[in-house]
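Engineer: Sequence isn't available, so here's the structure alone:
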């Protein structure tokens with residue numbers, strides 16, 4: 001069995017889903033599924049030296065020679081949205097060319113970022129007459145509405161809807177990451193029989209609980225073990241609504257025992273740092289985003305750890321960040337829209353939530369937990385147990401293998 005993969009980003013590039021991608025590819029290889037992958041020369045999160053090094057690589061073999069990687073030249077990504085859109089379009093053209101020319105494939109597997117990947121999958125399915133499996137990690141154009149880039153009913157929303165509906169129609173199987181995603185697609189007219197729910201997962205052996213007394217980051221970053229710590233780690237962008245964390249810190253500035261630790265990078269970091277200075281907050285500290293191998297220690301700094309979003313953006317989402325927090329045995333504090341994430345927190349007693357954007361309510365729940373540390377510990381223990389029951393790497397990757405094989409065998 002041979003799988004065609006066309007990711008717009010690939011190792012050594014940094015992206016939020018890269019570890020999940022690696023786990024999937026590893027599972028495919030272990031299941032004796034061959035893979036041919038076409039991808040651009042790396043640009044995101046790499047130096048010019050690294051980019052130049054990969055330009056000279058024509059074909060690589062990975063995953064015990066089960067994957068062949070072919071890289072092609074493409075312009076730098078950049079930050080200008082028009083240039084980025086142009087890059088996506090040119091990438092689409094090249095990926096269609098390479099995907100069309102590939103012979104002897106049994107299945108096309110694509111992830112929904114950027115959303116034109118669904119269009120690509122449909123076109124290549126028509127060409128090769130093989131199954132197309134579409135992994136929907138983000139529902140488009142709904143996500144554009146949530147972030148304010150488009151208005152429902154506007155021209156961009158209509159174009160996005162046409163692209164997405166085409167992809168859903170052409171896909172033989174659609175893998176979504178939550179029950180709420182499934183409900184959303186069914187409401188859009190996608191047949192329920194096409195949809196499989198496979199939650200994103202965490203490597204429960206890589207992200208583990210670390211006791212405060214055993215965590216070297218306290219000394220490394222000059223953090224006191226005696227305070228109640230609220231940790232956020234990840235992208236500092238628009239969708240994550242870091243403002244609600246800073247505003248909650250402002251509400252709690254007289255609670256001298258509570259300290260906020262923010263690890264991250266992103267387009268709005270300077271703005272957030274400046275806001276903390278303007279508010280004269282001494283209970284918020286910023287640190288660089290740490291490498292993946294330190295995730296356990298980063299979340300281990302916290303008595304509670306944060307998942308946040310802008311209002312209207314998170315109802316159907318299940319961020320992988322939350323699973324990492326839970327795997328690290330820490331209570332989740334969420335500023336989030338009501339939905340699947342908040343259902344898990346409530347019903348499994350592994351955290352608490354306030355409505356997205358409500359800094360006062362968010363501050364109140366943090367204050368409550370700071371005065372009830374034993375409750376935090378109990379929630380963290382519940383979180384770790386739930387990960388081991390439902391969100392392991394082995395279970396999640398096995399489901400992907402099962403779905404791919406089923407689609408191909410039942411063609």
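Structural biologist: Sure, I can see it. Everything numeric here is computed off the predicted structure, so don't read it as measured data.
Engineer: For the rest of this, base every contact and every neighbour count on C-alpha atoms.
Structural biologist: OK.
Engineer: Below-threshold pLDDT in the stretch 1-150 of the chain: ranges please.
Structural biologist: For the stretch 1-150 of the chain, the stretches with pLDDT under 70 are 15-17, 144-150.
Engineer: if we go to 90?
Structural biologist: The stretch 1-150 of the chain contains residues with pLDDT under 90 at 9, 11-20, 43-48, 50-59, 74-89, 103, 113-116, 137-150.
Engineer: Could you say which helix or strand holds residue 233?
Structural biologist: For residue 233, the host element (DSSP states H and E) is strand 228-235.
Engineer: which other helices and strands contact that strand?
Structural biologist: Packing partners of strand 228-235 (3 or more C-alpha pairs under 8 Å, 6 or more residues apart in numbering; DSSP states H and E): strand 258-265, helix 295-300, strand 304-308.
Engineer: Mind checking the pLDDT average for it?
Structural biologist: What strand 228-235 shows for mean pLDDT is 95.
Engineer: Report the buried residues of the lengthiest helix in the chain.
Structural biologist: In the chain, with assignment by DSSP state H, the single longest helix is helix 81-101. Neighbour counts using 16 or more other C-alpha atoms under 10 Å place 87, 88, 91, 92, 94, 95, 96, 98, 99 of helix 81-101 among the buried residues.
Engineer: Tabulate these in CSV, adding columns for distance to residue 189.
Structural biologist: Formatted as CSV, the buried residues of helix 81-101 follow (distance: C-alpha to C-alpha, whole Å):
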residue, distance to residue 189
87, 31
88, 28
91, 30
92, 26
94, 31
95, 29
96, 27
98, 32
99, 29
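Engineer: Name the nearest of those residues relative to residue 346.
Structural biologist: Taking C-alpha to C-alpha as the measure, residue 346 sits nearest to residue 88 out of the buried residues of helix 81-101, at 39.7 Å.
Engineer: who's in contact with the closest one?
Structural biologist: residue 114 (C-alpha atoms under 8 Å, 6 or more residues apart in numbering).
Engineer: Recalculate using a threshold of 10 Å.
Structural biologist: 8, 74, 75, 77, 82, 94, 114, 115, 116, 117 (C-alpha atoms under 10 Å, 6 or more residues apart in numbering).
Engineer: Serialize the residues you listed to CSV and add fields for secondary structure and distance to residue 338.
Structural biologist: Shown next, in CSV, are those (DSSP: H, G, I helix; E, B strand; the rest coil; distance: C-alpha to C-alpha, whole Å):
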residue, secondary structure, distance to residue 338
8, coil, 32
74, coil, 40
75, coil, 40
77, coil, 34
82, helix, 34
94, helix, 40
114, coil, 26
115, coil, 25
116, helix, 29
117, helix, 29
